[in-house]
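[1] Generate a structure from the sequence data that follows.
(2 chains)
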Amino acid sequence: MTALTAPQGAHSLVQSIDWAAVAPPAIAAVAALVVLVAELFLAERHKGLLGWLSAAALGLAGLALAPLVGDDRATFCLTSGTRSCSYVADTFTLTVQLLVLGGAFVTALLSMTAVRRERLPAGEFWFLLLSSASGAALLPAARDLATLVVALEVASLPAFALVGLRRGERLSSEAALKFFLSSVAATAVMLLGVSFVYAATGSMHLSTVAEALPGVDSRLSTLAATGVALTLVGFAFKTAAAPFHFWVPDTYVGAPVPVAAYLSVIGKAAGFSGLILVTVRAFPAYAHAWGPALAVLAALTMSVGNLGALRQRTDRAHGAVRLLAWSSVGQAGYLLVPIAAAGYADEPDHAVGATLAYALMYAVVNLGAFAVVAALQPHGSDGRLDDYRGLVRTHPLAAAALAFFLLCLAGLPPGIIGLFAKVTVFQAAVDAGLGWLAVVMAFNVVIALVYYLTWTALLFRPAAPQQAAAASEQQTAAPALPRLSAPLTATVALTGALALAASGAPQLVLRFAGTALF
Amino acid sequence: MIPLDETVLQALLLAVVALPLLGAVAALLPAPPGLRGRGPDQAVLRHGVTVTGAVLALTVVLTLGFDHDRPGSMQAETNVAWIPALGVRLHFGTDGISLPLLVLTALLTFLCALYSYVRMPQGPSPKAFVALLLLLECGTLATFAVLDLMLFFLAFEMVLIPMYFLIARWGGEGRGPAAWKFVLYTLLGSVVMLLGLLVLGLNAGTFDMVRLADAHGSGLGHTTQLIAALAIGIGLAVKAPMWPLHSWLPDAHTAAPTVGSVLLAGVLLKMGTYGFVRILLPGVPEGAHTFAPYLAAFAVAGIIYGSLACLALARKGAKGDLKRLIAYSSVGHMGFVLLGIATLTHTGVNGALYANLAHGLITGLLFFLVGALKDRTGTSDLDTLAGATGGALYGRAPRLGGLLAFGAVASLGLPGLAGFWGELLALLGAYHPAAGLSRPAFMVFLVFGALGTLLTAAYLLVVVRRVCMGDPAETRPERLATVTDVRGFEFAAWTPLVVLTVVAGLWPGALLGLMDPAVQSLLPGVTR
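    Numbering: from 1, shown residues only, chains lettered A, B, ... in the order given. Here you go, the predicted structure:
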């Protein structure tokens, strides 16, 4: 680089930057600024362009991953001493980045209609979405605690604003506040933990921390242990693991549907990749402590989430989103299982691959389910589950897609990918000797089947009598069925095609399970 | 019989599994010009008959091409990698145990499609009905054709959704709760079974059924075997069904449409017992050995319980439902199958497999007959049908009455008909259980099983007396006044079952010669 011309002393301090490696999050971040500025110069009727611009940027950022596949690049490395790097683009990073950027791309497609219909401020919305996505894309690459915390905050701060963006809606601002307060509390706790760890080990880099932790001065060992515990509690908060899940249902219901989809997939992915990094990369010395703790947390989270989803009545307002919110808590429990198993395994890297595979499956089908919900939720409707009754008559393809997504989430054929993703998680638990957790998970899978199947069965049930009467009246008045908008149809088709492809060739997704990721 | 290339056999077996799936998709699409028939409903029902007929023809060709000189080894094998990450392979193949079940499935589904072509059950569009029927056929055929634990699980689960909808949409009274109960029970069982399969597969290092059977449990610790056998056994026992996990069955059968009942009894229950023979006995022999006495005890309890429940239902004034009665009789018959399996001997397992097939033929026929009776009279309530003196079908609809009596005596195990051999061999196996199993205990089971055959005879004869005999001149309510005799399409659907019941009863050697070598290779080291 410029090292040749730089003075010798400065040379050792200047870190070289591999722009290609940092391109994916950087493109998203630059696009965010461009969108924010461009909005000022665009006439009201052209505001729709911003959405397409954002989607294109996210797509471009996703394509920027392609040249990085295969070689483990690292940048922002220390030029002396341990030569630890802050930014690494290995298999783990690229996979999570693909998930995040792909998920954000789908969210962008989903949001176009919502932004227009709900009159959200376009420039702000797209700026916030892109910033959050760039933070979430940076997170899996971060290999020091400071970058990790910064990335996590870049990912979540815009999300608060996104949740509260619906002007004048009480539910929306209440949701944003709830989300904000719980998340800020988590950040504070995490920062305290990180500072303790730094104090005990004298380093921020994950690899150095991992080496230093076993040999910490005995007078500092309490400090180190407290630091580790607080950091993990902070991440548990971010992943909405029980008992830190209480904000989820209200936040999802209060937010615009695409934002809820974003939080349920990208927000979770960010939290989980951070959790994987700190547990497996930074704190392996405490595996005997965080392994069992995460196992209990996983069991608790899946049980609370699934029981909460089971309790949802079909005639409650916002039932669909609320059910998906609770189910996402339950799914977070499954995602935690392999991480807990990593605490027991000889090769923790291999165990967390199951989390990655499961997260990819979950991202595709959950976004798909949210897409159908968003597509079918006309403005002003309160989105009860009963509204989905007899959907197969009015929108046969949307109904089939939703049924497929729900069966994937439930892990029942024809949702083959959902089934095998669960199998990999079971496998991780059984391999680690966590038989009891596998049994708890089995019970949870059955509980989850009940509500997923209830919803699926609802789609195919004949419409309720008064509804049918109303529908026939409507048909005489306006013969055309409500059409789905093009971006929404494209989203449903895209996620549906991905889920189908993964069901036919599960290896596409499951290859991450059991391979070295780092 | 006819020499076929191994590649052709492979293609045949894959086509047998894949064709119903493609047919199911095609059923949902609009019919192409030239195949529109007399309307969309007729076209799609005819499509169902065509596809199931083609599948039946393929299975028959497969049977003819099958090398009958070595039925003990896998034939028509396809084995390609599918999910290397999990070690799951697309492994298909058939031997003397699964081949008869494939043919039975294809036959019963074809007959059901034929029957529905004329008598479509009450409910929504035939399009979805045919698609679900074909999906169900694909799942059951795949269950018998796959040789990989994960694929087996997949196929096992695949039948649930179509069956749920068949009951919930085209069923009779109380179908909603019955369908739910069916799905939840079997799903709970399946999840437990999945855990067991994982424990087995991960500890043995392979999900391949053939390799697991060859290894015969070597390399698996005792505890592992116990856990795997228990978990897999529970999952299969729910499906079989084994007393006391049977309670979903009577409700599901009572509420299901005729073809649903036929397939449920004739094919779906066999998946459970097939799993016992194919996976549990060879894969975890020590575990199977430990649990065999318990399995036998539950099986015998099921035999006695099933027949007592039937006796109670057959009593005058009990308001017994004929469909429910046959469902309970299924619990008893599957008890014999499980008893045969629990003896862990060649004789017993052969008997179990034989009784399995016989039950499929005979109970399928009985459900057809009762469905036809309900169709004509609007009720399957035994008291209403019997009236004051008896149903008098002999007098009023002699062919229908005769067939019902035939089905009943076949079901009670009359020598010379299919039901006899299976139960005889199962009891014979219990007389000399495998080495290490308590002989006195099995002697007690044998006595109770024999008592069960007596009780079975008792209730079936009571049913025949109350439905077939009686005074034709008795005045009856309007719908019961005239009963149409057997119609042409019904003859077509039932004759194959009657013929096969007689053939299997008179010539057991044909089937046993096919099954015995396969059983011997699955249970090596057993003398009897």
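[2] drop to CA atoms for contacts and neighbour counts, all remaining ones
    Noted.
[3] What parts of chain B come near chain A?
    B:82-86, B:154, B:157-158, B:184, B:187-188, B:191-192, B:195, B:198-199, B:202 (CA under 8 Å from any CA of the partner chain).
[4] Tell me the buried residues in stretch B:450-459?
    B:A450, B:L451, B:G452, B:T453, B:L455, B:T456, B:A457, B:A458, B:Y459 (16 or more other CA atoms under 10 Å in any protein chain shown).
[5] Also stretch A:162-174?
    Those would be A:L162, A:V163, A:G164, A:L165, A:R166, A:L171, A:S172, A:S173, A:E174, for stretch A:162-174 by 16+ other CA under 10 Å.
[6] Now, those that are in helices?
    A:L162, A:V163, A:L171, A:S172, A:S173, A:E174 (DSSP state H).
[7] ok so A:L488 is a helix residue?
    Yes: when DSSP: H, G, I helix; E, B strand; the rest coil is applied, A:L488 is found to be in a helix.
[8] so who does it touch?
    A:L109, A:L110, A:T113, A:A371, A:V372, A:A374, A:A375 (CA atoms under 8 Å, 6 or more residues apart in numbering or on different chains).
[9] Quick one: mean pLDDT over the helix or strand encompassing the first one.
    A:L109 belongs to helix A:91-117 when elements are defined using DSSP states H and E. Confidence for helix A:91-117, expressed as mean pLDDT, is 91.
[10] what packs against it?
    Helices and strands touching helix A:91-117, as assessed by 3 or more CA pairs under 8 Å, 6 or more residues apart in numbering or on different chains; DSSP states H and E, comprise helix A:48-63, helix A:122-138, helix A:257-262, helix A:268-276, helix A:348-376, helix A:486-504.
[11] let's see it at 10 Å
    helix A:19-41, helix A:48-63, strand A:85-89, helix A:122-138, helix A:257-262, helix A:268-276, helix A:348-376, helix A:486-504 (3 or more CA pairs under 10 Å, 6 or more residues apart in numbering or on different chains; DSSP states H and E).
[12] and the last one, what's its mean pLDDT?
    Put plainly, it is helix A:486-504. On average, helix A:486-504 scores 88.
[13] Tell me which helix or strand comes right after that helix.
    Moving toward the C-terminus from helix A:486-504, the next element (DSSP H and E) is helix A:507-510.
[14] For that following helix, report the contacting residues that lie outside it.
    A:353-354, A:356-361, A:417, A:420-421, A:424, A:501-503, A:513, B:81-86, B:88 (CA atoms under 10 Å, 6 or more residues apart in numbering or on different chains).
[15] Show me what counts as buried in it.
    Buried, per 16+ other CA under 10 Å, within helix A:507-510: A:Q507, A:V509, A:L510.
[16] same check, this time on stretch A:437-453
    So for stretch A:437-453, counting by 16+ other CA under 10 Å, buried means A:437-439, A:441-453.
[17] What is the least confident helix or strand in chain B?
    Of all the helices and strands that make up chain B, helix B:478-481 has the lowest average by mean pLDDT, DSSP states H and E, namely a mean of 76.
[18] May I see the buried residues of the helix or strand following that one?
    Downstream of helix B:478-481, the first helix or strand assigned by DSSP H and E is helix B:488-506. By neighbour count on 16+ other CA under 10 Å, the buried set for helix B:488-506 is B:F489, B:E490, B:A493, B:W494, B:P496, B:L497, B:V498, B:L500, B:T501, B:V502, B:A504, B:G505.
[19] Can you name the residues that contact residue 291?
    Since you didn't name a chain, this refers to chain A. So A:G291 contacts A:T279, A:P284, A:L297, A:V337, A:P338, A:I339, A:A340, A:A341, A:A342, A:G343, A:Y344, A:A345 (CA under 10 Å, 6+ apart).
[20] that answer is for a different chain, and I need it for chain B
    Counting by CA under 10 Å, 6+ apart, B:F291 has contacts B:L226, B:A229, B:L230, B:G233, B:P285, B:A297, B:A342.
[21] Correct me if wrong: the second one contacts B:I279.
    Yes: under the contact definition of CA atoms under 10 Å, B:A229 touches B:I279, with a separation of 9.4 Å.
[22] Now the common contact residues for the two.
    Contacts common to B:A229 and B:I279, judged by CA under 10 Å, 6+ apart, are B:L197, B:L200, B:P285.
[23] And the second one, how far from B:L212?
    The reference is to B:L200. 9 Å (CA to CA, to the nearest Å).
[24] These two: which is more packed in?
    Taking other CA atoms under 10 Å in any protein chain shown, B:L200 and B:L212 do not tie; B:L200 has more neighbours (28 against 24).
[25] Just want the phi and psi numbers for the more buried one.
    phi -60, psi -50 (degrees, to the nearest 10).
[26] That one contacts B:H216, correct?
    No: look at B:L200 against B:H216 with CA under 10 Å: they stay out of range, at 11.8 Å.
[27] between these two, what contacts are shared?
    B:G283, B:V284.
[28] Count residues in the vicinity of B:L437, would you?
    17.
[29] where does it land in three-state SS?
    Going by three-state DSSP: B:L437 is coil.
[30] can you give me phi and psi for it?
    phi -90, psi 140.
[31] Now for it: which residues touch it?
    Going by CA under 10 Å, 6+ apart, the list of residues near B:L437 reads B:H289, B:T290, B:A292, B:P293, B:A342, B:T343, B:L344.
[32] any idea how far B:L512 is from it?
    25 Å.
[33] Ok, A:G70 next?
    57 Å.
[34] more crowded one of those two?
    B:L512 (19 against 11).
[35] could you check the angle helix B:488-506 makes with the helix or strand that one falls within?
    Element membership of B:L512, judged by DSSP H and E, is helix B:508-522. Angle, helix B:508-522 to helix B:488-506, by axes from the mean of the first three to the mean of the last three CA atoms, to 10 degrees: 70 degrees.
[36] Can you tell me which helices and strands helix B:508-522 packs against?
    Helix B:508-522 packs on helix B:98-118, helix B:209-215, helix B:281-283, helix B:346-377, helix B:418-431, helix B:488-506, going by 3+ CA pairs under 10 Å, 6+ apart.
[37] Having no further points to raise, I will conclude here.
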